[in-house]
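Colleague: Next comes the sequence, and after it the predicted model I'd like to discuss.
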Amino acid sequence: MGLVHLLRAVTVNFDLLGAEFAARNGLHPTDVRALIHLLDAARDGTPATPGWLGRQLRLNSAGTTALVDRLERLGLVRRERDGADRRRVLLEVEQKATELGWAFFGPVIDKVVATAEGFEADELETVRRFVTSVLHATQQMRSL
C-alpha cells in the first residue's frame, strides 16, 4: 500500500501543478488535459481528430467543439485538413502552447530527469515496467 500512497501523492502534486498552470494561463483544467493528449498523440504519431480528443476526455461533440474553439482562440491549437482525407480535421498544437508548457513545467521535468540519472539502467527499467503496469491498470478502470 505504500507504493499506492506514493503514486497517489505524485498524482495529486502533478494535478496541482496542472491546475496552477491552467490558472496562470487562463485555462480550464480540461484545456490542460486536452493539450497533454494532443502532445502525446503528436509524439506517438497518432492522428488527433476532434472525435478522438473527445473520446480521450470523455466529452460530447458540443463540449469538444467548445474546447477546441477556446484553445484555437487562445492560439494554442489549430485545425488542419488531413492531406489524405480532406473531410477529416486534425488538431495540431501550436508552438505557443509548447513554449508555455516548457516555461512552466521545464524545471519540474529537469528535476525528474536529474533524479532518474541517479539510478542504474536496470533500476529504471524496473520502475518503467511498474509504472507502465499501473498505467494499464488505471486505463482499464476508466473503461468500466
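Modeller: Cool, the structure landed.
Colleague: check contacts around the residue nearest the centre of the chain.
Modeller: Centroid check for the chain by C-alpha atoms, centre = their mean gives Ile36 as the closest residue, at 2.0 Å. Residues near Ile36 by C-beta atoms under 8 Å, 6 or more residues apart in numbering: none. In short, each C-beta sits where N, CA and C put it, glycine included.
Colleague: do Phe130 as well
Modeller: Leu3.
Colleague: Give me the buried positions along the helix or strand where Val108 lies.
Modeller: If you go by DSSP states H and E, Val108 is part of helix 95-116. Residues Ala97, Leu100, Gly101, Phe104 are the ones in helix 95-116 that count as buried (16 or more other C-beta atoms under 10 Å).
Colleague: pretty sure Arg78 is in a strand, no?
Modeller: Yes. With DSSP: H, G, I helix; E, B strand; the rest coil as the criterion, Arg78 is part of a strand.
Colleague: biggest separation within the buried residues of helix 95-116, which pair?
Modeller: Spanning the widest gap among these are Ala97 and Phe104, at 11.1 Å by C-beta to C-beta.
Colleague: Let's see the pLDDT reported for Gln140.
Modeller: With respect to pLDDT, Gln140 scores 88.
Colleague: Likewise for Thr132?
Modeller: Predicted confidence (pLDDT) for Thr132: 96.
Colleague: tell me the contacts of it?
Modeller: Counting by C-beta under 8 Å, 6+ apart, there are no residues that Thr132 touches.
Colleague: roughly how far is the helix or strand hosting it from the heart of the chain?
Modeller: Assigned by DSSP H and E, Thr132 falls within helix 121-142. Mean C-alpha position of helix 121-142 versus that of the full chain (C-alpha atoms, centre = their mean, to the nearest Å) differs by 17 Å.
Colleague: Could you export it as PDB, keeping only the C-alpha atoms?
Modeller: Taking Å, rounded to 0.1, in the frame of the first residue of the first chain, the C-alpha atoms of helix 121-142 are listed here in PDB:
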ATOM      1  CA  ALA A 121      19.600   1.400 -16.100                       C
ATOM      2  CA  ASP A 122      18.200  -1.800 -14.700                       C
ATOM      3  CA  GLU A 123      16.600   0.100 -11.800                       C
ATOM      4  CA  LEU A 124      15.000   2.500 -14.200                       C
ATOM      5  CA  GLU A 125      13.700  -0.400 -16.300                       C
ATOM      6  CA  THR A 126      12.100  -1.900 -13.300                       C
ATOM      7  CA  VAL A 127      10.400   1.400 -12.400                       C
ATOM      8  CA  ARG A 128       9.300   1.800 -16.100                       C
ATOM      9  CA  ARG A 129       7.700  -1.700 -16.100                       C
ATOM     10  CA  PHE A 130       6.000  -1.000 -12.800                       C
ATOM     11  CA  VAL A 131       4.600   2.500 -13.800                       C
ATOM     12  CA  THR A 132       3.600   1.100 -17.200                       C
ATOM     13  CA  SER A 133       1.700  -1.700 -15.500                       C
ATOM     14  CA  VAL A 134       0.000   0.800 -13.100                       C
ATOM     15  CA  LEU A 135      -0.900   2.900 -16.100                       C
ATOM     16  CA  HIS A 136      -2.500   0.000 -17.900                       C
ATOM     17  CA  ALA A 137      -4.500  -1.000 -14.700                       C
ATOM     18  CA  THR A 138      -5.800   2.500 -14.300                       C
ATOM     19  CA  GLN A 139      -6.700   2.700 -18.000                       C
ATOM     20  CA  GLN A 140      -8.700  -0.500 -17.700                       C
ATOM     21  CA  MET A 141     -10.600   1.000 -14.800                       C
ATOM     22  CA  ARG A 142     -11.500   4.100 -16.900                       C
END
